[in-house]
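Undergrad: Sharing a model prediction with you, sequence too.
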Amino acid sequence: MLPSDIQPKSANRKFKRGFVYFICPEALLHRSPDSECVMVKIGYTTGNPEARLRALQTGSPVILRVWAYADGTPELEAAFHAAFDPLRSHGEWFYCLGKLRDFMQQLGEEPCVGHHVSEDDLEAAVFDNVFATRAPHPSVDEEEWSSTARPEALAGFFPDAWMELLT
């Protein structure tokens, strides 16, 4: 259940009305990248993300967790879908590789997952991972890593971070 002090922000034009959530299998970051279970569902709900999790868990062969959720709109959800489209498996499910994996890791690591992410922390995770132009380690193929996201899809929601990248 959502803490009583965590409700969608209604005053902020970009982040209102509901939550954008990231649901994935338990132990996501400890699974082999080759595993079919290494996927993330990026969704939107006007209700409680945990209730959405329960609905998805019924049809899932693996234990799912709400990894993180943030105040958001259907438009922000669509922007995340567009940004990670190169990793789309089907519908709202995306392979957790490259920039998406790094983004998810910055949002949290088990057992400290399932929390509300502030607007500032979400923007930092987008800036550090999705907008990043350099691979996180020399052993990572930079071209392949860069191809796992389309950062311009999120530029309108994080214009300050996007402009910082361009300067």
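TA: Done, it's in. Numbers count the residues shown, from 1 in each chain.
Undergrad: Let me see the mean pLDDT of the helix or strand that contains M104.
TA: Taking DSSP states H and E as the definition, M104 sits inside helix 98-107. Average pLDDT, helix 98-107: 93.
Undergrad: now the helix or strand just after that helix: how far from the chain's centre is it?
TA: Next along the chain after helix 98-107, taking DSSP H and E as the criterion, comes strand 115-117. Offset of strand 115-117 from its chain centre (CA atoms, centre = their mean, to the nearest Å): 11 Å.
Undergrad: Given strand 115-117, what are its sheet partners and their directions?
TA: Here strand 115-117 is paired, per DSSP bridges, with strand 64-72 (parallel).
Undergrad: Taking helix 98-107 as reference, get the angle to the strand it pairs with.
TA: On the basis of axes from the mean of the first three to the mean of the last three CA atoms, to 10 degrees, strand 64-72 is oriented at 90 degrees to helix 98-107.
Undergrad: Give the next helix or strand downstream of strand 64-72.
TA: helix 74-83.
Undergrad: packing partners for that next one?
TA: strand 18-25, strand 39-45 (3 or more CB pairs under 8 Å, 6 or more residues apart in numbering; DSSP states H and E). (Glycine included, C-beta is placed from N, CA and C.)
Undergrad: hmm, back to that, and the contacts of the helix holding M104?
TA: Applying CB atoms under 8 Å, 6 or more residues apart in numbering, the contact partners of helix 98-107 are 22, 24, 28-29, 33, 40, 67-68, 84, 87, 94, 96, 113, 117, 121, 124-126, 128-130, 132, 136, 144-149.
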